[in-house]
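Visitor: the sequence and its predicted three-dimensional model are supplied below.
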Amino acid sequence: MMSAIATNVLAVAPAGLAGSVDAPRLSTDFLNRYSEALMLIEMAGMDESLVADLQAWQSVGYREHFRNSPLRCAASALAAYDRIEPARAVAFEDVCRSMTRLVRTVTALLVETPQPKELPVIVEVASDALRRQIARATQFINANGAIDIAVFEDAVLQAQIDALIAR
């Protein structure tokens, strides 16, 4: 029996079934936007000119991203998203809002004058938190929305975001 390595989906599953290779699949392309923000956060501490790029960064929702995407997988990604259990889709969107809030919080701290003396530590903590959230969202997407993203480390992430805002 042959399997698709990236998704652990049986390649011989009947077409159209949720586990089938032909079934609509979510796409991690959506997360590139957050990976870009992570890169800008990490580099902005060393190159202040990147703060403007970080300020210009905008989040978009999964649907909006693929509605405007020229990618061949866009229609499949949208169809797959529409098939996700509504509570799981809401939990995924909550994770995306948390990532966006983290990016905006760090950006606000980077533009403060004078910058907080703890800025290098803040950037390190925020980068680590954002990296974990991107990995979490990647897991959800790679599982085609079949896992409960809400059971991950929400409380830990929220505490880290709150600590950044309190500084």
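Guide: Received the coordinates, thanks. Residues are numbered from 1 along each chain as shown.

Visitor: every contact and neighbour count from this point should use C-alpha atoms.
Guide: OK.

Visitor: look at Gln158 and report its pLDDT.
Guide: At Gln158 the predicted local distance difference test score is 56.

Visitor: check Glu48 too.
Guide: Reading off the per-residue confidence, Glu48 sits at a pLDDT of 84.

Visitor: Pro14 now?
Guide: Checking the pLDDT column for Pro14, the value is 39.

Visitor: same question, the one 3 residues further on
Guide: At Leu17 the predicted local distance difference test score is 44.

Visitor: ok, the one 3 residues further on next?
Guide: Per-residue confidence (pLDDT) for Ser20: 48.

Visitor: ok, now Val106?
Guide: According to the predicted model, the pLDDT of Val106 comes to 93.

Visitor: tally of neighbours for it?
Guide: Val106: 21 surrounding residues under other Cα atoms under 10 Å.

Visitor: so what's Met99 closest to, chain neighbours aside?
Guide: Nearest in space to Met99, with sequence neighbours left out and distances taken as Cα to Cα, 6 or more residues apart in numbering, is Leu130 at 6.2 Å.
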